[in-house]
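**Q** prediction below, plus the sequence it came from.
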Amino acid sequence: MTTQAPRMLYVNLSVRNLKRSMDFFAALGFTFNPRFTNEVAACMKINDTTYVMLLEEPFFQTFTAQKICDTTTHTEALMCFSCSSKEEVKRVVETALANGGRPAQSAKDHGVMFGWSFYDLDGHHWEPAWMDPSMDETGCTAGT
């Protein structure tokens, strides 16, 4: 029997100023892989199989024939990432806001789930969230 390696995920986001975006996400505790980072792109590590590629807009445009989303008026996606506690969710959002991010949705506490969201410097919508570990045992449906 062959075991398949876990799939890797690379989310690509356009940014207007790569250095500012890297500083913003570094303040939130994210790190970057220098092997895949240069003057027009940065590889931000989420975990061992998930990365966000921050690509300066002109470079990003070379990957698509369509227009880049205007994040001042449209949401292209909502990136949700897990945190180890409600306190970490609060710390991440407060740090994002203190470093130039904008508020998105207000905090939502569902007891076993807690999330809060912000827009980054380029208007991308992020939602750090915590989920009670017991939810893994009882099952959880996205969006509930």
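**A** Ah, there it is. Remember, predicted model here, so these are calculated numbers, not experimental data.
**Q** quick one, phi psi at Asp23?
**A** phi -60, psi -40 (degrees, to the nearest 10).
**Q** confidence score at the spatially closest residue to it that is not a sequence neighbour?
**A** Excluding the flanking residues, the one nearest Asp23 by Cβ to Cβ, 6 or more residues apart in numbering is Asn99, at 7.7 Å. Bear in mind the C-beta positions are built from the backbone N, C-alpha and C, glycine included. Looking at Asn99, its pLDDT is 98.
**Q** quick one, strands of the protein?
**A** Secondary structure of the chain, counting by DSSP state E: strands at 9-15, 31-33, 41-47, 50-56, 78-82, 102-103, 108-109, 113-115, 118-119, 125-131.
**Q** next, the angle strand 50-56 makes with the last one.
**A** What that stands for is strand 125-131. Interaxial angle of strand 125-131 relative to strand 50-56 (axes from the mean of the first three to the mean of the last three Cα atoms, to 10 degrees): 160 degrees.
**Q** about what we covered before: looking at the strands of the chain, which is closest to Ile68?
**A** Ile68 lies closest, by Cβ to Cβ, to one member of these: strand 9-15, at 5.0 Å.
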